[in-house]
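Quick one, fold the following:
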Amino acid sequence: MPEIKSLDFQRVKKNRIFQDVVDQIQEAIFDRRLKPGDMLPPERVLRETFNISRGTLREALRVLEHKGLIEIKVGTGGGSVIKKTGIEQLSESLGLLIRSGNLSIFDIGEFREGIEGKIAWLAAKRANQDDIHILEKLLAQAKAAVKKGLPAWEEFIDIDQQIHKQLAGTSKNDLYRYTSQVVQDNIRKYFDRYLDKTLSRMEENLQDLDNLIHAVKNHLPKQAAQYAETHVHRFVVRMGKKKVNNDR
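Numbers count the residues shown, from 1 in each chain. Coordinates of the predicted model:
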């Protein structure tokens with residue numbers, strides 16, 4: 001059974017009861033006074049400690065559960081258990097935000113230009129032979145898809161996204177890797193809606209990827225970043241123009 005933790009929580013301020021409870025428990029988790037697997041004290045103890053009502057406490061616990069910080073178990077031996085915080089919560093929230101359609105193409109484009117440029121810069125600095133081998137293998141698959149022509153559009157876009165994910169992994173930075181994964185997994189709807197599906201677009205994209213991987217292979221971070229940023233910018237501008245035309 002998880003250990004029930006006893007902590008020095010303070011009585012909450014009357015003008016911000018609910019948020020104060022959330023903040024105190026959240027801070028205890030973030031500074032590691034509460035660790036994954038620990039159990040919060042029983043509701044009765046928490047109510048007395050915070051000097052709050054049952055309804056206020058349960059509302060605060062539901063918010064903490066929604067944030068992915070605790071898991072509320074019911075039944076015999078139940079209670080509020082601290083969860084392992086990870087990238088899943090960020091991934092789900094960012095993914096939902098992108099898929100919602102509430103972000104403009106240009107907002108997404110500016111964001112991608114920044115992270116893709118930095119990812120490419122780091123990848124060119126840190127790529128090892130295994131990383132380069134994987135990137136060259138993916139590039140060969142992309143070239144084969146282009147040779148098939150327009151019927152291979154979806155296959156080509158799949159490979160393009162795999163290359164971006166692999167570059168993020170090659171950066172050896174987990175936050176960039178996770179962020180790139182989420183963006184690539186959720187941005188496809190924008191490609192499907194706003195990209196012109198033509199062979200010339202495939203060929204142009206392939207040339208960008210070829211230049212980018214060449215720069216990474218030869219450990220040219222500045223060039224790699226420029227290629228990545230230009231590549232993203234060009235496609236965002238074209239998607240933006242098509243969106244404007246579609247909205248007329």
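
where are the low-confidence patches of the protein?
Scanning the chain for pLDDT under 70 picks out 1-16, 85-95, 97, 99, 101, 240-248.

80 instead, please
Counting by pLDDT under 80, the ranges of the chain that qualify are 1-17, 75-77, 84-105, 189-191, 193-195, 235-248.

other SSEs contacting the helix ranked longest in the chain?
Across the chain, the longest stretch assigned as helix under DSSP state H is helix 221-247. The elements that helix 221-247 packs onto, with contact taken as 3 or more CB pairs under 8 Å, 6 or more residues apart in numbering; DSSP states H and E, are helix 105-126, helix 188-194, helix 199-217. The C-beta positions use only the backbone N, C-alpha and C, and glycine is treated the same way.

counting contacts, what elements does the last one pack onto?
Yep, that's helix 199-217 we're talking about. Counting by 3+ CB pairs under 8 Å, 6+ apart, the packing neighbours recorded for helix 199-217 are helix 105-126, helix 129-148, helix 153-170, helix 221-247.

Format those helices as a markdown table; extra columns: distance to residue 74 and mean neighbour count.
A markdown table is the format used below for the helices and strands packed on helix 199-217 (distance: least, CB to CB, whole Å; neighbours: other CB atoms under 10 Å):
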| stretch | distance to residue 74 | mean neighbour count |
| --- | --- | --- |
| helix 105-126 | 40 | 20 |
| helix 129-148 | 46 | 16 |
| helix 153-170 | 39 | 20 |
| helix 221-247 | 47 | 17 |
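
Quick check: which of the ones you listed is nearest to residue 36?
Shortest separation from residue 36 across the helices and strands packed on helix 199-217 is recorded for helix 153-170, at 25.5 Å, computed as CB to CB.

Does residue 227 touch residue 216 like I think?
No: Residue 227 sits out of contact with residue 216 when judged by CB atoms under 8 Å, with a separation of 9.1 Å.

where do the contact lists of those two overlap?
Residues within reach of residue 227 and of residue 216 at once, by CB atoms under 8 Å, 6 or more residues apart in numbering, are residue 120.

May I see the helices and strands packed on helix 221-247 organised as TSV, with distance to residue 165 added?
Written out in TSV, the entries for those read as follows (distance: least, CB to CB, whole Å):
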stretch	distance to residue 165
helix 105-126	10
helix 188-194	13
helix 199-217	13
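
Tell me the spacing between the closest residue to residue 199 other than its chain neighbours and residue 196.
Using CB to CB, 6 or more residues apart in numbering and skipping the chain neighbours, the partner closest in space to residue 199 is residue 150 (5.2 Å). According to CB to CB, to the nearest Å, residue 150 and residue 196 sit 11 Å apart.

out of those two, which sits in the more crowded spot?
Relative neighbour count places residue 150 above the other of residue 150 and residue 196, with 13 against 10, counting by other CB atoms under 10 Å.

mind checking which helix or strand residue 81 is in?
Using DSSP states H and E, residue 81 maps to strand 79-82.
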